[in-house]
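Engineer: what follows is a predicted structure for the sequence shown.
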Amino acid sequence: MARIAGRFRRVEPWATARAYLFGLFSAVERKNCWQLAEQAGRTRPGPMQRLLRTARWNADDIRDDVRAYVVEHLGADDGVLIVDETGFLKKGHGSAGVQRQYTGTAGRIENSQVGVFLAYASHHGRALIDRRLYLPEQAWCEDAERRTRAGVPDQAEFATKPTLAGQMIATALDAGVTASWATGDEAYGQDPVLRALLESRGIGYVLAVACSTRVRINHGRTPFRADNVADHLPDAAWHRQSAGTGAKGPRYYDWAWIETDMDGHRHLLIRRNLTSGELAFYLCCSPQRVLLSELVRVAGTRWCIEECFQAAKGQVGLDHYQVRHWTAWHRHITLAMLALAFLTVLAADATPSRPAQPNRPARSGDPSDLTVPEIRHLLGTLLNPPRTTPSILLAWSAWRRQHQATARRSHYQRRLFAPSTA
């Protein structure tokens, strides 16, 4: 909180932000303004709602602080920038950017908002360092009235998800983030503009692509589909290597790589599942020649952002917000990113030095390392002692029921006076 104190013009919103963050560390069931205010012993949710909507502070400034904090504590020569998106399921049509669209969160088309995120990962740990709310073109960018109601600024224009990812990567590099590699799934690997951006900035990449992607082999003379290349590989071309350590130990796959240029800086990387034989394909480019093991490491690092999403949603309420406004969305997401970064750095600081072979299981009787969930549980208990008296508890019950009754009356009136659609 001392690091971000200068981002607030008055002490009251800073103190409210502090209480908000403490609430994100707590065991509150749903981390929205109402429940966080009750957890903090406040009598009303108003101050926390104003913190997200109208208080004077810039979420992008604190985003910059989060990014600097992560790189300061987790930065390393093997740093990787990871881009991906995640969905936030919503009801109604008033939330900024919401529409029926595909989201991996549900695995199908749902009414949702989609956020594109940038994560930083190294051998020290991983955390989210930037975010962009995806704004659909027809449903939002071309609807001025809807944009105004949701507080979407005039300068916010339509941008594809790979374009948003490129903007975040460029902003991070301009801010001095040290990273040698970038990675992402097919939605980003298929975009030639994003690949060109990374090459122009001297950043290597290992980006997933579809099996139908056409590559040139034989020193660029022969065009082939990626899956056809895999079909013609001999057994000797496959090498079994670990893509990193998961919850159950090393994640082994068979890997093959084929040069797609004359100087050995571009490759098609192919991953084969040991059990199902399923194939995955990656376009790779590196500023200098690298070993297969390095490309495999970067490809395996992509899953770190999925772990960040899981931790952010499960531990600090990334998806618990109940806001519709563009500004409020970015503020809640940024504070949740700050909370996750803090927990991640604490976990990294508490982790002892690793042996030369980290994939080998420890033989000692020591307990496992402190994790983000365990640290969040400890902090939640220490920083959030019970503050609720019986009178406050009953007052909140009356407050909630009063608002529920008001909302119910509003819904009934809107239905009764709405023109018939029969």
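Structural biologist: Noted; the coordinates are in hand.

Engineer: where does this protein dip in pLDDT?
Structural biologist: Scanning the chain for pLDDT under 70 picks out 219-220, 353-366, 384-388, 418-422.

Engineer: just the strands in it please.
Structural biologist: For the chain, the strands defined by DSSP state E cover 80-89, 99-103, 108-122, 125-133, 181-184, 204-209, 214-217, 222-225, 239-246, 249-259, 266-272, 279-285.

Engineer: just name the most buried of the ones you listed.
Structural biologist: Comparing the strands of the chain by mean neighbour count (mean count of other CB atoms under 10 Å), strand 181-184 ranks first with a mean of 28. Using the backbone N, CA and C atoms, a C-beta is placed for each residue, glycine as well.

Engineer: using CSV, write down the CA coordinates of that strand.
Structural biologist: Extracted in CSV, the C-alpha atoms of strand 181-184 (Å, rounded to 0.1, in the frame of the first residue of the first chain):
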residue,chain,number,x,y,z
TRP,A,181,10.3,-14.8,-25.2
ALA,A,182,6.6,-14.5,-25.8
THR,A,183,4.0,-17.3,-26.1
GLY,A,184,0.3,-17.7,-26.6
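
Engineer: can you tell me which helices and strands that strand packs against?
Structural biologist: Packing contacts for strand 181-184, counted by 3 or more CB pairs under 8 Å, 6 or more residues apart in numbering; DSSP states H and E, involve strand 80-89, strand 204-209, helix 292-301.

Engineer: kindly reformat the ones you listed as TSV containing distance to T160.
Structural biologist: Shown next, in TSV, are the helices and strands packed on strand 181-184 (distance: least, CB to CB, whole Å):
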stretch	distance to T160
strand 80-89	11
strand 204-209	15
helix 292-301	23
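
Engineer: out of the ones you listed, nearest to I62?
Structural biologist: Counting by CB to CB, I62 lies closest to strand 80-89 out of the helices and strands packed on strand 181-184; the figure is 19.8 Å.

Engineer: nearest approach to A350 belongs to which of the strands of the chain?
Structural biologist: Nearest to A350, of these and by CB to CB, is strand 125-133 at 10.8 Å.

Engineer: and the lengthiest helix in the chain, what's buried?
Structural biologist: For the chain, the helix with the greatest residue count under DSSP state H is helix 390-417. For helix 390-417, the neighbour count (16 or more other CB atoms under 10 Å) marks 396, 399 as buried.

Engineer: for it, name the packing helices and strands.
Structural biologist: Using 3+ CB pairs under 8 Å, 6+ apart: helix 390-417 touches helix 33-39.

Engineer: what packs against the helix it packs on?
Structural biologist: Partner elements for helix 33-39 (3+ CB pairs under 8 Å, 6+ apart): helix 11-25, helix 46-53, helix 390-417.

Engineer: check the gap between the residue nearest to the spatial centre of the chain and G104 for me.
Structural biologist: In the chain, the centroid-proximal residue (CA atoms, centre = their mean) is F117; its distance is 4.3 Å. Distance, F117 to G104, using CB to CB, to the nearest Å: 12 Å.

Engineer: what's the overlap in contacts for the two?
Structural biologist: With contacts taken as CB atoms under 8 Å, 6 or more residues apart in numbering, F117 and G104 have 85-86 as neighbours in common.

Engineer: next, work out how far apart H332 and R53 are.
Structural biologist: On the measure of CB to CB, H332 and R53 end up 10 Å apart.

Engineer: quick check: E157 vs D130, distance?
Structural biologist: Distance from E157 to D130, by CB to CB: 18 Å.

Engineer: right, I mislabeled it, should have said F22
Structural biologist: Remark: distance between F22 and D130 (CB to CB) = 24 Å.

Engineer: which residues does V116 bridge with?
Structural biologist: Beta-bridge partners recorded for V116 (DSSP bridges): E85, R132.

Engineer: test my guess that it contacts A159.
Structural biologist: No - contact between V116 and A159 fails when scored by CB atoms under 8 Å: they sit 9.1 Å apart.

Engineer: so what sits against both of those two?
Structural biologist: What both V116 and A159 touch, as defined by CB under 8 Å, 6+ apart, is the set R132.

Engineer: what's the burial count for L233?
Structural biologist: L233 sits with 13 neighbouring residues when counted by other CB atoms under 10 Å.

Engineer: distance of it from T334?
Structural biologist: From L233 to T334 the distance is 46 Å (CB to CB).

Engineer: ditto for R7
Structural biologist: 10 Å.

Engineer: who's more crowded, these two?
Structural biologist: More neighbours surround T334 than the other of R7 and T334, with 24 against 18 (other CB under 10 Å).

Engineer: burial measure for the spatially closest residue to the more buried one that is not a sequence neighbour, as a count.
Structural biologist: Counting by CB to CB, 6 or more residues apart in numbering, T334 lies nearest to A59, which is 4.4 Å off, once chain neighbours are set aside. A59 has 20 neighbouring residues, counting by other CB under 10 Å.

Engineer: and A59, how far is that from D185?
Structural biologist: Going from A59 to D185 by CB to CB gives 26 Å.

Engineer: circling back: the helices and strands packed on helix 33-39: which one's closest to R108?
Structural biologist: Per CB to CB, nearest to R108 of the helices and strands packed on helix 33-39: helix 390-417, 27.2 Å.
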